[in-house]
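[1] have a look at this prediction, sequence included:
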Amino acid sequence: MSLWTAAEIAIATGGTVQGDFEVTGVAFDSREVESGDLFVAMSGEATDGHRFLPHAFAAGAGGAIASERCDGPHVRVADGFAALQALARAARDRSAARIVGVTGSVGKTSAKEALYAALERSNHGQVHRSVKSYNNHTGVPLSLARMPRDAGFGVFEMGMNHAGELAALTRMVRPHVAIVTAIAPAHLEFFADEAAIADAKAEVFEGLEPGGTAIVPFDSPHRDRLVAAAREHAERVVTFGLEKGADVHAREAMRVGTGGTFVTVTLGGGRELSLTVGQPGAHHVSNALAVLAAVDALGADLGQAGLALAELGGLAGRGARIRVPVAGGEALVIDESYNANTASMRAALAVLGDEPGRRIAVLGEMRELGERSGELHAGLADAVIAARVERALLVGEATVPLARALEGAVDLVHVVDANAALSSLRDLIAPGDAVLVKGSNGVGLSRVVAGLGGA
């Protein structure tokens, strides 16, 4: 079944067909074009997608959206980005799928992937999701435009770093269920305080369909603020969390030998579900509770969802656990290199603290924290010490306050960048070590993981 015909694209975008075609996918990066895809050429500040039209067709693109002359079948439009947004809205309009929107300061991608797995387990081949971290003003419409016309469920991650961004995205996605995973001081550079971040995240509820459900973190200090915002748009507000007052909560939780957590979940109405959350750490238990709340709101199979959560492994850059070879044996690398803020740093360090052997923390800068950067970096010292870290490798100028706060408490090295971190770590790592690698994506600590043989 085709995803889009040229005629459908023209109707959706107001463009004109220049050569008939059908496509089975959508891409705006010519490096990601696969056979049969629609390539959307957009003009941006850094580059112009029209330059890559020949490459896209050479890679097998079945057609294109373009605002300039094109030597292949295409739909001519006035503006490529506006056309992508229009195509996204058309995809949402034609779909009968039950839609979930996921946002939060931490855990968005992990929760999105966990929810996808939970739904896919009992609805094989019927669940669509946004890939990677395509959660911004271009990624969300791309993910919508890719949604199969016969999908039963759609799971979309939505992010922001300025007020108003989520409002626009959620009105495009129009979810039946909207989740806020957690609130933390991420992107604090662009907000007055954490409460303002909570308000910006609460924008996700503005796009809820009539009869929709809002899912809110009970354990958050901003719970009441989020609940109040949700009630303006949701027919039902469901809280989740580790505390007993939450609508969906963990009645008991116990770490198991595999590193995961055995949890008995209370879902309301006298219902309970026991399952193992395969990924270690309280933050993954919290995510699992949000996922189960969403599955329940959708009327999907909770038992199958529990089995999927037990089998779920860590994502690259977001908790993947990798055994890497070192002289005389192997070491464990916990790959959290994709992003970092104070909440996710603390959660990852707590996981490291439960690992046997010598614990090494490679911690990069947390970016976009504004004037509070020094304070927030230094404030991680107690979490590093509580995790019983024996060697801390701090990366980047912004980690200097943390280095000062740890002086005399932890054996530490401060380096300027990821390459220096890798060099130092290669000299240090030994069999049996547990190594956490975490920092903001711009620090490039994924190169450390790859350099150790983890990718």
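    Perfect, thanks for sending it.
[2] can you pull out the helices in the stretch 101-250 of the chain?
    For the stretch 101-250 of the chain, the helices identified by DSSP state H, counting those that start in this stretch occupy 108-120, 139-145, 165-173, 194-201, 223-231, in order along the chain.
[3] other SSEs contacting the shortest one?
    If I follow you right, that is helix 139-145. Here helix 139-145 is seen to pack against strand 25-27, helix 80-94, strand 153-157, helix 165-173 when contacts are counted using 3 or more Cβ pairs under 8 Å, 6 or more residues apart in numbering; DSSP states H and E. All C-beta atoms are positioned from the backbone trio N, CA, C, and that covers glycine.
[4] what sits up against the third one?
    What that stands for is strand 153-157. 95, 97-103, 108-109, 112, 115-116, 119, 123, 126-130, 133-135, 140, 143-144, 147, 173, 175, 298, 300 (Cβ atoms under 8 Å, 6 or more residues apart in numbering).
[5] quick check: the nearest residue to Pro325 once chain neighbours are set aside vs Val435, distance?
    Closest residue to Pro325 in three dimensions, ignoring its sequence neighbours and counting by Cβ to Cβ, 6 or more residues apart in numbering: Gly453, at 5.9 Å. For Gly453, the distance to Val435 (Cβ to Cβ, to the nearest Å) stands at 12 Å.
[6] quick one: which of those two has more around it?
    Shown here are Gly453 and Val435; by other Cβ atoms under 10 Å, Val435 has more neighbours (29 against 14).
[7] what does the model give the residue nearest to Ser143 when sequence neighbours are not counted for pLDDT?
    Closest residue to Ser143 in three dimensions, ignoring its sequence neighbours and counting by Cβ to Cβ, 6+ apart: Ser130, at 3.6 Å. The predicted local distance difference test score for Ser130 is 92.
[8] find the residue at the geometric middle of this protein.
    Nearest residue to the geometric centre of the chain (Cα atoms, centre = their mean): Thr109, 1.9 Å.
[9] any idea how far Ala196 is from it?
    Plainly put, Thr109 is 23 Å away from Ala196 if you go by Cβ to Cβ.
[10] chain center to the helix ranked longest in the chain: distance?
    Criterion DSSP state H: the longest helix present in the chain is helix 282-298. The chain centroid and the centroid of helix 282-298 are separated by 15 Å under Cα atoms, centre = their mean, to the nearest Å.
[11] could you point out which element follows it?
    Towards the C-terminus, the helix or strand next in line after helix 282-298, according to DSSP states H and E, is helix 302-311.
[12] what sits up against that following helix?
    In this structure, residues lying in contact with helix 302-311 by Cβ under 8 Å, 6+ apart are 114, 117-122, 260, 267, 273-278, 288, 291-292, 295-296.
[13] can you pull out the strands in the stretch 1-150 of the chain?
    Remark: strands of the stretch 1-150 of the chain, listed N- to C-terminal, are 4-5, 16-18, 22-23, 25-27, 37-40, 63-66, 74-76, 98-103, 127-129; assignment by DSSP state E, counting those that start in this stretch.
[14] export those to CSV and tack on distance to Val256?
    Supplementary listing: these in CSV, determined by distance: least, Cβ to Cβ, whole Å:
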stretch, distance to Val256
strand 4-5, 46
strand 16-18, 58
strand 22-23, 46
strand 25-27, 40
strand 37-40, 43
strand 63-66, 50
strand 74-76, 54
strand 98-103, 27
strand 127-129, 28
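[15] tell me which of those strands sits nearest to Leu188.
    For the strands of the stretch 1-150 of the chain, distance to Leu188 was read as Cβ to Cβ. The smallest value, 16.6 Å, belongs to strand 98-103.
[16] packing partners for the closest one?
    Strand 98-103 sits against helix 108-120, strand 153-157, helix 165-173, strand 177-180, helix 282-298, with contacts defined as 3+ Cβ pairs under 8 Å, 6+ apart.
[17] show me how far the first one is from its chain's centre.
    It refers to helix 108-120. For helix 108-120, the distance from its own C-alpha centre to the chain's C-alpha centre is 10 Å (Cα atoms, centre = their mean).
[18] quick one on the thing from earlier: state whether the residue nearest to Pro325 is indeed within a helix.
    No - judged by DSSP: H, G, I helix; E, B strand; the rest coil, Gly453 forms no part of a helix; its state is coil.
[19] any idea how far it is from Pro73?
    Applying Cβ to Cβ, one obtains 45 Å for the distance of Gly453 from Pro73.
[20] pLDDT value on Gly268, please?
    Among the per-residue scores, Gly268 shows a pLDDT of 88.
[21] who's in contact with the closest residue to it other than its chain neighbours?
    In space, Gly268 comes closest to Asp247 once its chain neighbours are excluded; the distance is 5.4 Å by Cβ to Cβ, 6+ apart. With Cβ under 8 Å, 6+ apart as the criterion, the residues that contact Asp247 are 218, 238-240, 267-268, 293.
[22] hang on, the earlier thing: the strands of the stretch 1-150 of the chain: which one's closest to Ile334?
    Nearest of those to Ile334, taken as Cβ to Cβ: strand 98-103 at 23.1 Å.
[23] what's the distance between the closest one and the middle of its chain?
    Between the centre of strand 98-103 and the centre of its chain there are 12 Å (Cα atoms, centre = their mean).
[24] quick one, domains of this protein?
    The chain breaks down into these domains under automatic domain parsing: 4-81, 95-311, 320-451.
[25] deepest-packed of the helices and strands packed on strand 98-103, please.
    Across the helices and strands packed on strand 98-103, the average number of neighbours (mean count of other Cβ atoms under 10 Å) peaks for strand 177-180, which reaches a mean of 30.
[26] chain center to that strand: distance?
    13 Å.
[27] what's the answer for stretch 302-310, then?
    Distance of stretch 302-310 from its chain centroid, counting by Cα atoms, centre = their mean, is 20 Å.
[28] now stretch 269-289
    Between the mean C-alpha position of stretch 269-289 and that of its chain there is a distance of 18 Å (Cα atoms, centre = their mean).
[29] possible to save the helices and strands packed on strand 98-103 as TSV with distance to Thr213 and mean pLDDT?
    Shown next, in TSV, are the helices and strands packed on strand 98-103 (distance: least, Cβ to Cβ, whole Å; pLDDT from 0 to 100):
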stretch	distance to Thr213	mean pLDDT
helix 108-120	13	96
strand 153-157	14	98
helix 165-173	14	97
strand 177-180	5	98
helix 282-298	4	97
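[30] can you tell me which of these is nearest to Ala90?
    Evaluated over those, closeness to Ala90 peaks at helix 165-173, with 10.9 Å, by Cβ to Cβ.
[31] now for that closest one, which elements pack on it?
    Under the contact criterion of 3+ Cβ pairs under 8 Å, 6+ apart, the helices and strands touching helix 165-173 comprise helix 80-94, strand 98-103, helix 139-145, helix 194-201.
[32] sounds good, over and out.
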